[in-house]
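Just to be clear, the model below is a prediction. Sequence and coordinates:
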Amino acid sequence: MERADKTKLLNSVFLISLICCVMIRLLPYLALLTDNPVLRELILCAVYIVSLLLPAAAGERLIGSEAVSPEKKKLNAPFLWLFIAMGTVTAAAYINYLVILPLEAAGIVGNSQYNPSVSSVYDVLLLILSSAIIPPVTEELFFRGFVLKRLLPTGNRKAIIISAAVFSLFHGNLGQLIYTFAAGVIFGYVYIYTGSIIPCILLHGFNNGYSVIITAINSFFSPEAAGLLSISVDSIFIFGGFLSLFILLLKRRKDESFGALAEYRTEGEYKSFPIIAVIYGAFAVFQIVLTNFS
């Protein structure tokens, strides 16, 4: 692939991501269409799906249907990967919180944490739909199935890092910036390793489902009990994640092919930076400023 082709590829990916990002930012205005909370949530879910999958479909037309596809492979030791994913994301969430906390305490930024609340079983079911089912499916199809897959000709490392950065900036929130990037790296690695979007959806869904459970616990139990349970489970995930990573490295030491990624880089070097990436980044930063800074 020539340099000009890679530039066109990256510009196209960032353009589609920008369109997707803009469409998602219009979601709050659609919440005004109805006063019925259930209907409003269902409308937002439907628009969320369209806002992610329609740009991806348009991208297929813009860039072409042919793309490098990772070789399909079974995900060995899935429970290790589950703990690595959950441990990494949980640890990154705490780091994210510690980074933002002083800024919030100083009044530099507003409350950047998204803390939904539920008061009934119906609220929990709606939250499962809107957080643990639709986002994992649609976001993985877009960010791994479209963005990362299209970036594979630039090399695995670039593809994973860039797609994770796009995924992180897409959320437009300082309170999610670090741990969504960490999640994007894990999901990207798993996608290239397995050649399948399904494990990424399951890991993403498990992570979001855990957040829903914590939300329900915080809503229905005392703050002390909810906090103790949350910290205990988080500690298990973090400790289990480090232990799983250690086991994975031992397996890799015995068998270098264990967990190794096949390289899909095409011929030609890429040195110039796509201008659309600058526009996308500027829009994401602008959204973060609007959302977080008071």
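Thanks, I have the structure now.

and Leu18, what is it in contact with?
Ile276, Ile279, Tyr280, Phe283 (Cβ atoms under 8 Å, 6 or more residues apart in numbering). Just so you know, the C-beta spots here come from the backbone N, C-alpha and C atoms, and that holds for glycine as well.

measure the residue lying farthest from the centre of the chain to Leu248 for me?
Distance from the C-alpha centroid of the chain peaks at Lys254, with 31.7 Å (Cα atoms, centre = their mean). In this view, Lys254 and Leu248 are 11 Å apart by Cβ to Cβ, to the nearest Å.

Ok, Ala93 next?
Using Cβ to Cβ, one obtains 21 Å as the distance from Ala93 to Leu248.

higher neighbour count, the two?
Neighbours were tallied for Ala93 and for Leu248 using other Cβ atoms under 10 Å; the higher tally belongs to Ala93 (22 against 18).

and the more buried one, what does it touch?
Ile178, Tyr179.

can we see that at 6 Å?
Tyr179 (Cβ atoms under 6 Å, 6 or more residues apart in numbering).

Would you map the helices across the stretch 51-200 of the chain?
Ranges of helices in the stretch 51-200 of the chain, per DSSP state H, counting those that start in this stretch, are 78-105, 121-127, 134-142, 149-151, 156-170, 177-194, 198-220.

Among the ones you listed, which comes closest to Val50?
Smallest distance to Val50 across the helices of the stretch 51-200 of the chain (Cβ to Cβ): 9.2 Å, for helix 134-142.

any idea of the mean pLDDT for the closest one?
Throughout helix 134-142, pLDDT has a mean value of 96.

And for stretch 286-294?
Here the average pLDDT along stretch 286-294 is 79.

which parts of it are buried?
Under the neighbour-count criterion of 16 or more other Cβ atoms under 10 Å, stretch 286-294 has Gln287, Ile288, Thr291, Asn292 buried.

Greatest separation within those: which pair is it?
Across the buried residues of stretch 286-294 (Cβ to Cβ), the longest gap, 9.3 Å, separates Gln287 and Asn292.

Output the below-cut-off pLDDT ranges for the stretch 151-294 of the chain.
The stretch 151-294 of the chain contains residues with pLDDT under 70 at 267-273, 294.

go with 80
256-260, 265-274, 291-294 (pLDDT under 80).

again with the stretch 1-150 of the chain
In the stretch 1-150 of the chain, residues with pLDDT under 80: 1-7, 28-34, 37, 61-68, 104-119.

what's the next secondary structure element after the longest helix out of those in the chain?
Scanning the chain for the longest helix, with DSSP state H as the assignment, gives helix 223-254. Helices and strands here follow DSSP states H and E; after helix 223-254, the next one along the chain is helix 275-292.
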